[in-house]
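> structure for the following, please:
(chains A and B)
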Amino acid sequence: MIEIKDLTVRFGGVTPLDKMTVNFADGTNGLIGPNGAGKTTFFNVLSGFVRPAQGTVTAFGDNLLGMAHYRRSRWGLRRTFQTEQAIEELTVYDNVLMVLEHSPKDSRGNRDEDVLGAINFVGLSANPHARVGTLGAGDRRLVEIARAVVGSPRVVLLDEPAAGLPDEETERMSSVIQKIPQEIGALTILVDHDMSLVSACCAKTAVLDFGKLIAAGDTADVLRNDQVKQAYLGAEEVAA
Amino acid sequence: MSAAGATTTRSAPRRLRLPRLDAGERVRAVVILALLLFVLFGLPPLLSGYWISTSTQVAYYSLVALGLGILMGRTGLVSLGQIALLALGAWVAARLFFATGLPFPLVLLGAGLITMVLGVLIGLPALRLSGLYLALITLMLAGAITVALTATNFPNGGGGFLGHVETDRGAADVRRPLIAHGDTAFFRYTVVVVAVMFLIALVHVRAKPGRAWAAIRQSESAALAAGVNVTLYKMWAFALASFLTGVAGGLLAADSGQLFITSFPTSDSITLLAVVLMGGIYSLWGAVVAGILMKLLPAMLNNWGVAADWLTIVFGAGVLQVILTAPRGIAYQFPRDMARLGRLIYGLVGRARGTPVRERAG
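Numbers count the residues shown, from 1 in each chain, chains lettered A, B, ... in the order given. Prediction:
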């Protein structure tokens, strides 16, 4: 479980996160909200790229904010990026290995098994020795997911993993994400604008709007919530 | 449960197994070994003394280019101070030679290691910078090193820490190793040392540091998110590049005997950047091509009685061409174009021999 308490981020006069307090339970959690709601800022706080003005983040009893950013990955925190960041110069295999070898779970004897296991897990059919620069967008996204699940992570943050993908590839992505909690055993937080993807993958969902948490709970209930509809559609449409 | 245990799920059609060194790599290793043997034993009898010493320079400048390739091509750190670092390496080698009288391999190693420490110290404040600012800082540091070396001169057997004595009062040479005293022997010695250094670089690039560098070059955030200690690996890149450059400086010191700061103009660092870009910044072969462009081309022009200054213009046009049409450089473009040419010739020959060319209608 991840407990977020009073998390506040300020950039000058802007407050992208305003006293966010929420718990994320084991399994897959959705995190939604309109553009600029603070979702990626929240991920950046967890990854250590943004230092919060106040608040605490406790993940499985450990104080995440006290760790240097590169150590968080070693602790077991993984993430993907809104603009996919698979390393083009490296092969698929080396992309995944690169993450594994910086994690404490790296036992040299089982490297092939762990790396290829992660590649198989995401169902990537491309040759593991192909350079990522030669792959299509959907496959690159899967490489990023493979990097996020290798070496028994504890928390996986997915930042719009299906952004820009055609429907059938989104389906494929959805089935991969749904397998993460049982097969990888990691607490997963999914940020996406695609509500069908969020509904399919997440039992629980939290909603941010202008940096404030406006709803959290069962995904179906949250999506029916008037305040959430209002945040997404604007007050007038909901009233009409 | 680990990802490895997940291979039995429906999305896992087959288990993949990887051989450590595939057939292509084995062929490449054999070709490289054959090429190396040719350079060591086949080439020298064909060359006059002038070309032998030019080839020696090509070899150790390839090493300098390799250092810049690791910094810039692999890690994305632009340095315009590599020639100053080379001068520093040569200074350290000369200093060690006169002060200790150690065997030459140890002088080389010492020059590499001390230059490595100095390079990392220079790199430290630069670690927070990147791109143009890093280039600017390294260029200014290079200028500072050049000024300092102009004031102190290179050690040539004098006393004190600086070890410099005016040349008309009996300066000594940095001596080549006993087994490689003649020009040809020293050429072979240099090629072997440079080959070992390339191997060290290859091992780095193929292993954990190389993967971390590739991640840093593309995106520091992605590297951090993958658990890469970005500062450590940037320092590592500086350290390796400085080590290689320091060893090159040691070879240069023994090659020249006496050293003068005029051999290390700061503008050479910019020329180096140009030839490394042209050679191919992502490939180890690119460094060899860069060494050839940097030292063989001027020697050829001199030989033909053409001023080597023309090269500045040629290199300018070359860099433009590379950036516009072949970002991966000559080392990548040349084999690709040759393969195309081969296919074209094969196709033409096939057409001439086989199917008759149809008369064009009307």
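
> can you tell me the SS state at residue 196?
With no chain named, the answer covers chain A. Following DSSP: H, G, I helix; E, B strand; the rest coil, the label given to residue A:196 is helix.

> you looked at the wrong chain, it should be chain B
Under three-state DSSP, residue B:196 falls in the helix class.

> what about residue B:185, how many residues close to it?
As a burial measure, residue B:185 scores 16 neighbours (other CB atoms under 10 Å in any protein chain shown). Placement of C-beta: from N, CA and C, glycine included.

> strands along the chain, start to end?
Going with chain A. Secondary structure of chain A, counting by DSSP state E: strands at A:2-11, A:14-24, A:28-32, A:54-59, A:62-63, A:77-79, A:155-159, A:187-191, A:204-209, A:212-218.

> list of residues touching the fifth one?
In other words, strand A:62-63. Strand A:62-63 is contacted by residues A:56-57, A:75 when judged by CB atoms under 8 Å, 6 or more residues apart in numbering or on different chains.

> let's see 7 Å
Contact with strand A:62-63 is made by A:56, A:75, as judged by CB atoms under 7 Å, 6 or more residues apart in numbering or on different chains.

> in its sheet, what does it sit against?
strand A:54-59 (antiparallel) (DSSP bridges).

> CA atoms only: put the partner strand into PDB for me.
Presented in PDB, the C-alpha positions along strand A:54-59 are these (Å, rounded to 0.1, in the frame of the first residue of the first chain):
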ATOM      1  CA  GLN A  54       5.300  19.400   1.900                       C
ATOM      2  CA  GLY A  55       3.700  16.000   2.500                       C
ATOM      3  CA  THR A  56       4.800  12.400   2.900                       C
ATOM      4  CA  VAL A  57       4.800   9.400   0.700                       C
ATOM      5  CA  THR A  58       5.000   6.000   2.500                       C
ATOM      6  CA  ALA A  59       5.200   3.000   0.300                       C
END
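
> just the angle between it and strand A:187-191, please?
Taking axes from the mean of the first three to the mean of the last three CA atoms, to 10 degrees, one finds strand A:54-59 and strand A:187-191 inclined to each other by 130 degrees.

> report the buried residues of strand A:54-59.
Residues A:55, A:57, A:59 are the ones in strand A:54-59 that count as buried (16 or more other CB atoms under 10 Å in any protein chain shown).

> measure residue A:17 to residue A:45 for me?
7 Å (CB to CB, to the nearest Å).

> ignore what I typed, I meant residue A:121.
The gap separating residue A:121 from residue A:45 is 28 Å, by CB to CB.

> out of these two, which sits in the more crowded spot?
Neighbour count, other CB under 10 Å: between residue A:121 and residue A:45, residue A:121 has more, with 27 against 24.

> so the more buried one touches residue A:150, yeah?
No: using CB atoms under 7 Å, residue A:121 is not in contact with residue A:150, being 8.6 Å away.

> how many neighbours does the residue nearest to residue A:128 when sequence neighbours are not counted have?
Excluding the flanking residues, the one nearest residue A:128 by CB to CB, 6 or more residues apart in numbering or on different chains is residue A:93, at 4.2 Å. The local packing of residue A:93 (other CB under 10 Å) involves 23 other residues.

> tell me the contacts of residue A:93?
Residue A:93 touches A:115, A:128-129, counting by CB under 7 Å, 6+ apart.

> how much space between it and residue B:352?
Residue A:93 is 44 Å from residue B:352, where distance means CB to CB.

> spatially nearest residue to residue B:291, not counting backbone neighbours?
In this structure, residue B:291 finds its nearest non-sequential neighbour in residue B:62, 3.1 Å apart by CB to CB, 6+ apart.

> report pLDDT for that neighbour.
We have a pLDDT of 96 for residue B:62.

> gap between it and chain A?
Residue B:62 sits 22 Å away from chain A, taking CB to the nearest CB, to the nearest Å as the criterion.

> buried ones in the host helix or strand of that residue?
Secondary-structure assignment from DSSP states H and E places residue B:62 in helix B:49-68. Going by neighbour count (16+ other CB under 10 Å), the buried part of helix B:49-68 is B:51-68.

> stretch B:91-105 now?
Under 16+ other CB under 10 Å, the buried positions of stretch B:91-105 are B:91-98, B:104.

> can I get the CA coordinates of it in CSV?
C-alpha atoms of stretch B:91-105 as CSV (Å, rounded to 0.1, in the frame of the first residue of the first chain):
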residue,chain,number,x,y,z
TRP,B,91,53.1,16.3,-20.1
VAL,B,92,52.4,13.6,-17.5
ALA,B,93,54.1,10.9,-19.5
ALA,B,94,57.2,13.1,-20.1
ARG,B,95,57.2,14.0,-16.4
LEU,B,96,56.9,10.3,-15.3
PHE,B,97,59.6,9.3,-17.8
PHE,B,98,62.2,11.7,-16.6
ALA,B,99,61.4,11.5,-12.9
THR,B,100,61.1,7.7,-12.5
GLY,B,101,62.7,6.0,-15.4
LEU,B,102,59.9,3.4,-15.3
PRO,B,103,59.6,0.9,-18.1
PHE,B,104,57.6,2.5,-21.0
PRO,B,105,54.3,0.4,-20.5
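
> for the record, mean pLDDT for that stretch?
The model assigns stretch B:91-105 a mean pLDDT of 89.

> likewise stretch B:251-271?
Rounded to a whole number, the mean pLDDT of stretch B:251-271 is 88.

> appreciated, that's everything.
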